[in-house]
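1. Mind folding the following:
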Amino acid sequence: MVGNEYAKAIYELAHEYNKTKVFSNCFMTVFETGFNNEEFMEIMVSPVINKEEKKEIIKKVYFQLDEDFIHFLFVIIDHNRFSLFKEIYDEYESLILNDYNVVKAQVFSACELNDKLMNEVITALEFKYKDKKIEVENIINPELIGGLRVLVNNESVDLSLKNSLTKLKESLL
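-> Take a look at the predicted model:
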């Protein structure tokens, strides 16, 4: 995974210069304004557009960002890796969370979880991830018939009704 190597490199640089939070904010800015802009991404990943032109666009659009972070963007442009930006960003954030002993969990449910159920989920996660601070985000997914799907560190636990029915069907065949 090439993206992981870039994330480790930028993380080490951020750590060395005491800019981990600054770089997190830079990543978020580029992600929110550029990565979600289809036209911008087409330009950044296009093999037809000159690398120097891409760098000029970065300089003009993100002039307010940290200079070291801008140079990192230039590196991924030079190596035709801008398409990996989200992967690099996600891995970078994962390294930061690990530093702070934090585990982020996404809990998908058909409707908003009540406090009792949310506390049960948190308790279960605290048991599994001892000595870690747990941050839970409840994401509403109306396509879930019932139950939950929990995503932590790219591991998924599917406790949805649909998954239970699928498993039951498979066991009967």
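
2. show me where pLDDT drops low in the protein?
-> Residue ranges of the chain with pLDDT under 70: 1, 154, 157-171, 173.

3. What's the separation between the residue nearest the centre of it and C111?
-> Central residue of the chain (C-alpha atoms, centre = their mean): D90, 3.3 Å from the mean position. For D90, the distance to C111 equals 27 Å [C-beta to C-beta, to the nearest Å]. C-betas here are computed from N, CA, C, even on glycine.

4. care to break the chain down by domain?
-> 2-97, 101-172 (automatic domain parsing).

5. looking at the ones you listed, which is buried most?
-> Highest mean neighbour count among the domains of the chain (mean count of other C-beta atoms under 10 Å): domain 2-97, with a mean of 16.

6. So which residues of the protein form strands?
-> Here the chain has its strands, by DSSP state E, at 102-109, 133-140, 147-152, 155-160.

7. now those in a markdown table, with distance to I57?
-> Formatted as a markdown table, the strands of the chain follow (distance: least, C-beta to C-beta, whole Å):
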| stretch | distance to I57 |
| --- | --- |
| strand 102-109 | 32 |
| strand 133-140 | 33 |
| strand 147-152 | 34 |
| strand 155-160 | 37 |
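
8. Out of the ones you listed, flag the one nearest K54.
-> strand 102-109 (31.6 Å; C-beta to C-beta).

9. Just the residues contacting that closest one, thanks.
-> 97, 113, 118, 121, 125, 129, 132-141, 144, 147-153, 160 (C-beta atoms under 8 Å, 6 or more residues apart in numbering).

10. got the CA coordinates for that strand in CSV?
-> Only the C-alpha atoms of strand 102-109 are listed here, as CSV (Å, rounded to 0.1, in the frame of the first residue of the first chain):
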residue,chain,number,x,y,z
VAL,A,102,-8.0,6.9,20.6
VAL,A,103,-10.1,4.4,18.8
LYS,A,104,-12.8,5.8,16.4
ALA,A,105,-15.9,3.7,15.8
GLN,A,106,-18.7,4.3,13.4
VAL,A,107,-22.0,2.7,14.4
PHE,A,108,-24.5,2.4,11.5
SER,A,109,-28.1,2.0,12.5
